[in-house]
Structure formats: C-alpha cells, structure tokens
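# Here you go, sequence then predicted model.
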Amino acid sequence: MDVGNLGVSGKIDVDALVNIIGIRSLSFMSNSFSGPIPEFHRMGALKGLYLSGNQFSGEFPSDYFSTMSGLKKVGLSGNNFTGEIPSSLVQLSHLIELHLENNKFSDSILCLNSLV
C-alpha cells in the first residue's frame, strides 16, 4: 500500500489496516504525519515499512519490531525519532535495507563486514 508523496497528515488508522488481508508493504513516505510511531508492529506480516520524510517523533519501545520478524526493508529516515535504536530492529534476521539517517537517535549501529 503506497500513500507516499500525497501531502497528507493526521492519524494513520492502524486498526483499519490490520483488517486488510495481504498487505506486505506500507509506504507513507514524504507526507506530513507527526507524533509517535503508529502501532504498525501489530502488522506482523509486513516485509517493508517506509516512513521516511515525515515528522514522526519520540522513542520506539525496544521490542517494537519483535513481532515483525519478516521485515526486509525499513525506511525511517528524515523524521524526529529520539532515544535508542530499538534492539528488536537490530535483531531482524531478514533485514537487507535500513535507513535511519536524519533522526535524533542517541546511539548508532556499527556494521562490520567479515570474510569467511
């Protein structure tokens, strides 16, 4: 579901989205949504979550992503998120793309490449 670049704001009705069977990707990029992160973690089947370029703010609960083990792509850049990067995000085993830049997180992720 792509609701990107439409200039919309307000509250995202996660209750309505949870009832739509088959949603695997959500994009609300480049709009004017604000406030705390909505309860997208209730949508455990998501493979992609794109929220970049909004005005979301606040901290993530450390277990926010724990029910979203299938996430492959997450875009959170260009918001006003604060606090620590959620440990449940770092633990996503299928994650191949992650954008956290241009936020106010208090820690960072160290990426190491190792050759076997």
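Nice, thanks for sending it over.
# residues touching the nearest residue to Phe60 once chain neighbours are set aside, list them.
In space, and not counting its chain neighbours, Phe60 is closest to Pro86: 4.3 Å by Cβ to Cβ, 6 or more residues apart in numbering. Where you see a C-beta, it was placed from the backbone N, CA and C, and this is true even at glycine. By Cβ atoms under 8 Å, 6 or more residues apart in numbering, Pro86 lies in contact with Phe60, Pro61, Ser62, Asp63, Tyr64, Phe65.
# which residue packs closest to the last one, ignoring adjacent ones?
Which is Phe65. Nearest to Phe65 is Ser88, by Cβ to Cβ, 6+ apart, at 3.9 Å.
# Report the rounded mean pLDDT for stretch 66-85.
In this model, stretch 66-85 has an average pLDDT of 96.
# what's the span of that stretch from first residue to last?
13 Å (Cα to Cα, to the nearest Å).
# By mean pLDDT, flag the weakest helix or strand of this protein.
When each helix and strand of the chain is scored by mean pLDDT, DSSP states H and E, helix 87-90 comes last, with a mean of 92.
# Show me what counts as buried in that helix.
Neighbour-count burial for helix 87-90 flags Ser88, Leu89 (criterion: 16 or more other Cβ atoms under 10 Å).
# for it, packing partners?
Where contact means 3 or more Cβ pairs under 8 Å, 6 or more residues apart in numbering; DSSP states H and E, helix 87-90 is not packed against any helix or strand.
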